[in-house]
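# coordinates for the following, if possible.
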Amino acid sequence: MPLLAEHFQVYAVDLRGQGRSTWTPGRYTIDNMGGDLVRFIDLVTGRPVIVSGLSSGGVIAAWLSAYAKPGQIRAAVWEDPPLFAAEAVTPCGQPINQGIGPVFAAWNRGRSFVSGLATAGCDHATMLANVKVPVLFTHHFHQRDEESGMELGALSDFQADRVRQLVTGAGQDFTYRSFPDMPHAMHRYQPELYVRTVTEWAATLPDSAG
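Numbering: from 1, shown residues only. Presented below is the predicted three-dimensional model:
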């Protein structure tokens, strides 16, 4: 955050079920958390923002890219998001029980993804086809395990390419950056590289002031 704050006014939002938030079973859907952030942008920032999220936060950033109020989102950073791969039933590639599911199952909020509750009523293909802002997509460690045949990483190359097709099909700019040697949370492992990647991309946006 200090590095990003040299270029942007930065907010780190404590989403429901994270940080100091209490845990209320059954309340952790993408729609609910996206709605929380819509209200946060209205009440706290009061101006258009660049939204960024890692992993399931990247899925929420994708939701905001599609469904936030008009004018709220200028652009979005999706850091290694498990798009399609976080769905219990997906039309594209492996579903959650064949990929990142075991990791999500260990987290309170992640269990809602494994059960299918998180994505209920919010299929990723429809969401991506409704994206309305430019996107920076960073894709980290991803390969197929030769012994099991399972995809390793947040999402496969095939799924990432489908994400690109849907976003560009919606008429939006899609910047893809592959970092196959990076772990899932690049912003923690190499914050300087993450910040440089984001700021260089943001400088290409119309009205690029942070």
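# which stretches of this structure form strands?
Here the chain has its strands, by DSSP state E, at 49-54, 73-79, 135-139, 143-144, 151-152, 174-178.
# so what are the sheet partners of the third one and their directions?
The reference is to strand 135-139. Strand 135-139 pairs in its sheet with strand 73-79 (parallel), strand 174-178 (parallel), by DSSP bridges.
# with distance to Glu192 added, can I get those in CSV?
C-beta coordinates here come from the backbone N, C-alpha and C atoms, glycine included. Putting those into CSV (distance: least, CB to CB, whole Å) gives the following:
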stretch, distance to Glu192
strand 73-79, 15
strand 174-178, 15
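# most centrally placed residue in the protein?
With distances taken as CA atoms, centre = their mean, the residue of the chain nearest its centroid is Gly58 (0.9 Å).
# related to what we said a few turns ago, closest to Thr197 out of the strands paired with strand 135-139?
Proximity to Thr197 (CB to CB) singles out strand 174-178 among these, at 5.9 Å.
# now that closest one: buried residues?
Neighbour counts using 16 or more other CB atoms under 10 Å place Phe174, Thr175, Arg177 of strand 174-178 among the buried residues.
# could you dump those to a markdown table with pLDDT and distance to Asp161?
Formatted as a markdown table, those follow (pLDDT from 0 to 100; distance: CB to CB, whole Å):
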| residue | pLDDT | distance to Asp161 |
| --- | --- | --- |
| Phe174 | 98 | 11 |
| Thr175 | 98 | 14 |
| Arg177 | 97 | 14 |
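# which of those residues lies closest to Val131?
Looking across the buried residues of strand 174-178 and measuring by CB to CB, the closest to Val131 is Phe174, at 8.5 Å.
# wait, that closest one sits on Phe137?
Yes: if you go by CB atoms under 8 Å, Phe174 and Phe137 touch, sitting 6.6 Å apart.
# can I get the strands of the chain in a markdown table with distance to Asp14?
Output for the strands of the chain, formatted as a markdown table (distance: least, CB to CB, whole Å):
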| stretch | distance to Asp14 |
| --- | --- |
| strand 49-54 | 13 |
| strand 73-79 | 18 |
| strand 135-139 | 23 |
| strand 143-144 | 33 |
| strand 151-152 | 30 |
| strand 174-178 | 28 |
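# so for Ala160, which of those sits nearest?
strand 135-139 (5.2 Å).
# mean confidence for the closest one?
Averaging pLDDT along strand 135-139 gives 97.
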